[in-house]
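Enquirer: I need the structure of the sequence given here:
(chains A and B)
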Amino acid sequence: MNTLRAALAVETRKARSSIVLRVAAGLVVVGVCGLATMVILAARSGNQELIAKLGPDAATADWPALLATGVQITAAGGLLGFGVGASWLFGREFAEGTVAALFGLPVGRDRIAEAKLVVYAAWAAGVSILLALGLLITGLATGLGPPDTDALTGLARQLALGLLTALIAVPAGWASSWGRGLLPGIAVTIGILVVAQVSVLGGFASWLPIVAPAFWAMQPSASTALTLLTVPLVPLIFGAATVSIWMRLQLDR
Amino acid sequence: MSADALRLCAVTRRYVGGAGLTDVDLTVARGEIHALVGLNGAGKSTLMKLVVGMLRPQSGTVEVLGTDVAHAGPPTWVRVGTLIEYPLAYGHLDGRTNLSLAARLRSIPARDISAMVGGILDELDLRRYADVRSRRMSLGNKQRLGLAAALQHDPDLIVLDEPTNALDPSGIIALREALLRRADNGAGILVSSHHLDEVARIAHRISVLAEGRVVGTLDPDGIDIERSFFALVHAATRNTA
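Expert: I've put the predicted structure just below:
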């Protein structure tokens, strides 16, 4: 019996009908693209006070400005969206009580947890691709012209940032499993967000796996790219810990 | 092959604070409906949770279809159907889809699922709710959905915690007939209930739980089953006081 295949089929079907995952994906894509559009339009407005507030990266109102805005918002807003998705995939079973029906089945809870992680990865990859495409369309729609090589590299970096941000949001699923609800996952997401943003603004701890993607996206260089090697540790450690929680779960509280 | 569909031997599982089960022996034979009755907090749900691994015993053994529950794998669980605490009913999915997912989680081959789901929708009179999202269903219909998920694959061991909760009279009759049919076909069935009259109608054996122990049995054909029940419970309570 291929129980992982069955678990994948079930989790995929549940995710396909999920309003939460659709709304989270929509908010990330529409939110980032919408804010990037507003920044470009504001930079073109000629309002010097507003342009000064946007900073030198955004003031040029070109592809680099659009993409710099995109990565800044993705590093924060994208993390929040991915954290909500991961929290919901695991925490909903506890919040809705359906976890009780996941015992005594041929498909083990470890397989169900693995399937949830796979579905999360597929959903997050889809959101990241849509976000990069959305920014491409935003650039074209706001009259920035066809993207040159640098802009295409920037879009690729945007796609990579989306994927890396999704990886560092995996602890939200672990927290929802450990805390048996949605809120622990959301709380951990906010915690990661605060640590990452403060570190980037303060310019320290770029080697931290949860900080490295934002650092690299905003200050791309050989040294910040090297720190990305630590990022896969986050989903590996917290993914394994999540599967372990589900495998050993007892409903004794 | 064990003659029992379910066997608990000297099982103890205490919670922090003291409630739980102590040294419980219990069997469910194939083809038998064994009912558990007891007051709230007597340990009925704890016992059922131990059967499906929601809790692990601190001592003693639980055997499901001849296999220790600690080592039971897919070949064992595919032959079990349960409804304990909450049904497998995802609010954003309709009745038919929820049943299809429950069948997938029971490792039922995809080609067999549609006919199986159709059969149980008819048997439990759920056809009207096949395309209704479960969040829009009444509590009783959600309960029927959970019962359908537990019964649709004709398991050899059925474990149902308070299965008549929220059911209307027609639902109770449909469930009664579904259980009697499966017992006639050789399934072992463990049900817990507060409804002594209902239990007496279908059960071959009735065990009384009090203070986490099996304190006696009731005769399903007895004349005043309620009086006998309270006599057992009060005697057990006095002894432990």
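Enquirer: Which residues of the stretch 151-253 of chain A lie near chain B?
Expert: The stretch 151-253 of chain A comes close to chain B at residues A:250-252, as judged by C-beta under 8 Å from any C-beta of the partner chain. The C-beta positions use only the backbone N, C-alpha and C, and glycine is treated the same way.
Enquirer: Which parts of chain B belong to which domain?
Expert: By the assignment in automatic domain parsing, chain B contains the domains B:4-79+B:155-240, B:89-154.
Enquirer: wait, does the shortest one contact chain A?
Expert: Spelled out, that is domain B:89-154. Yes: contact of domain B:89-154 with chain A (C-beta under 8 Å from any C-beta) involves B:89-93, B:97, B:101-102, B:104-107, B:110, B:146, B:149.
Enquirer: dump the residue contacts of A:Ala225.
Expert: A:Trp216 (C-beta atoms under 8 Å, 6 or more residues apart in numbering or on different chains).
Enquirer: at 10 Å instead, please
Expert: Shown in contact with A:Ala225 (C-beta atoms under 10 Å, 6 or more residues apart in numbering or on different chains): A:157, A:160, A:212, A:215-216.
Enquirer: May I see the buried residues of the helix or strand containing it?
Expert: Per DSSP states H and E: A:Ala225 is located in helix A:222-227. The neighbour-count check on helix A:222-227 (16 or more other C-beta atoms under 10 Å in any protein chain shown) flags A:224, A:227 as buried.
Enquirer: Quick check: A:Gly191 vs A:Gly83, distance?
Expert: Between A:Gly191 and A:Gly83 the distance is 10 Å, computed by C-beta to C-beta, to the nearest Å.
Enquirer: So for the helix or strand containing A:Asp150, what gets flagged as buried?
Expert: Per DSSP H and E, A:Asp150 falls inside helix A:149-168. Across helix A:149-168, burial judged by 16+ other C-beta under 10 Å covers A:151, A:154-155, A:157-168.
Enquirer: What sits closest to the residue in chain B positioned nearest to chain A if chain neighbours are left out?
Expert: In chain B, the residue that lies nearest chain A is B:Val52 (3.1 Å; C-beta to the nearest C-beta). Closest residue to B:Val52 apart from its sequence neighbours, by C-beta to C-beta, 6 or more residues apart in numbering or on different chains: A:Gly104 at 3.1 Å.
Enquirer: what about the helices in chain B?
Expert: B:44-52, B:74-77, B:95-105, B:110-123, B:139-151, B:169-184, B:196-202, B:225-240 (DSSP state H).
Enquirer: Need the ones you listed in CSV (columns: mean neighbour count and mean pLDDT).
Expert: Formatted as CSV, these follow (neighbours: other C-beta atoms under 10 Å in any protein chain shown; pLDDT from 0 to 100):
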stretch, mean neighbour count, mean pLDDT
helix B:44-52, 24, 96
helix B:74-77, 20, 96
helix B:95-105, 24, 97
helix B:110-123, 15, 96
helix B:139-151, 24, 96
helix B:169-184, 16, 96
helix B:196-202, 17, 89
helix B:225-240, 15, 86
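Enquirer: what comes up buried for stretch A:40-55?
Expert: A:40, A:42-43, A:51, A:54.
Enquirer: do stretch A:242-253 as well
Expert: Neighbour count says stretch A:242-253 has A:242-243, A:245-246, A:249, A:251 buried, by 16+ other C-beta under 10 Å.
Enquirer: and it, what's its mean pLDDT?
Expert: The pLDDT scores in stretch A:242-253 average 92.
Enquirer: where's that stretch relative to the chain centroid, distance-wise?
Expert: 25 Å (C-alpha atoms, centre = their mean, to the nearest Å).
Enquirer: tell me the SS of the residue nearest to A:Ala141 when sequence neighbours are not counted?
Expert: What sits nearest to A:Ala141 in space, not counting adjacent residues and going by C-beta to C-beta, 6+ apart, is A:Thr37, at 7.7 Å. Applying DSSP: H, G, I helix; E, B strand; the rest coil to A:Thr37 yields a three-state assignment of helix.
Enquirer: Tell me the spacing between A:Thr37 and A:Leu66.
Expert: Distance, A:Thr37 to A:Leu66, using C-beta to C-beta: 8 Å.
Enquirer: residues shared between the contacts of these two?
Expert: Counting by C-beta under 10 Å, 6+ apart, the contacts common to A:Thr37 and A:Leu66 are A:135, A:138-139, A:142.
Enquirer: Counting neighbours, which of the residues you listed comes out on top?
Expert: Within these, most neighbours by other C-beta atoms under 10 Å in any protein chain shown means A:Leu135, with 28 neighbours.
Enquirer: Looks to me like that one is in a helix.
Expert: Yes: under three-state DSSP, A:Leu135 falls within a helix.
Enquirer: Spit out the contact partners of the most centrally placed residue in chain B.
Expert: Most central in chain B under C-alpha atoms, centre = their mean is B:Leu160, positioned 1.5 Å from the mean C-alpha point. By C-beta under 10 Å, 6+ apart, the residues touching B:Leu160 are B:48, B:81-84, B:146-147, B:150-151, B:175, B:179, B:189-193.
Enquirer: Just give me the closest of those to A:Leu183.
Expert: Using C-beta to C-beta, B:Ile84 comes nearest to A:Leu183 of the contacts of B:Leu160, at 25.3 Å.
Enquirer: Quick check: closest non-adjacent residue to the closest one.
Expert: Nearest one to B:Ile84, counting by C-beta to C-beta, 6+ apart, is B:Asp161 at 4.5 Å.
Enquirer: what does B:Glu85 give?
Expert: B:Glu85 sits nearest to A:Ala100 (C-beta to C-beta, 6+ apart), 4.0 Å away.
Enquirer: Okay, and which of the buried residues of stretch A:242-253 map to helices?
Expert: Judged by DSSP H, the buried residues of stretch A:242-253 include A:242-243, A:245-246 as members of helices.
Enquirer: What is the neighbour count of A:Gly202?
Expert: 8.
Enquirer: Please apply the same query to A:Thr3.
Expert: 22.
Enquirer: which residues sit in contact with it?
Expert: By C-beta under 10 Å, 6+ apart, the contact list for A:Thr3 reads A:105-108, A:110-112, A:114-115, B:73-74, B:77, B:104-105, B:107.
Enquirer: Just the pLDDT for it.
Expert: 92.
Enquirer: who touches the residue in the stretch 151-253 of chain A that chain B sits nearest to in this structure?
Expert: The stretch 151-253 of chain A approaches chain B most closely through A:Leu251 (4.5 Å), counting by C-beta to the nearest C-beta. By C-beta under 10 Å, 6+ apart, the contact list for A:Leu251 reads A:94, A:99-100, A:103, A:180, B:45, B:49, B:52-55, B:84-85.
Enquirer: Of those residues, which belong to strands?
Expert: Assigned to strands by DSSP state E, none of those qualify.
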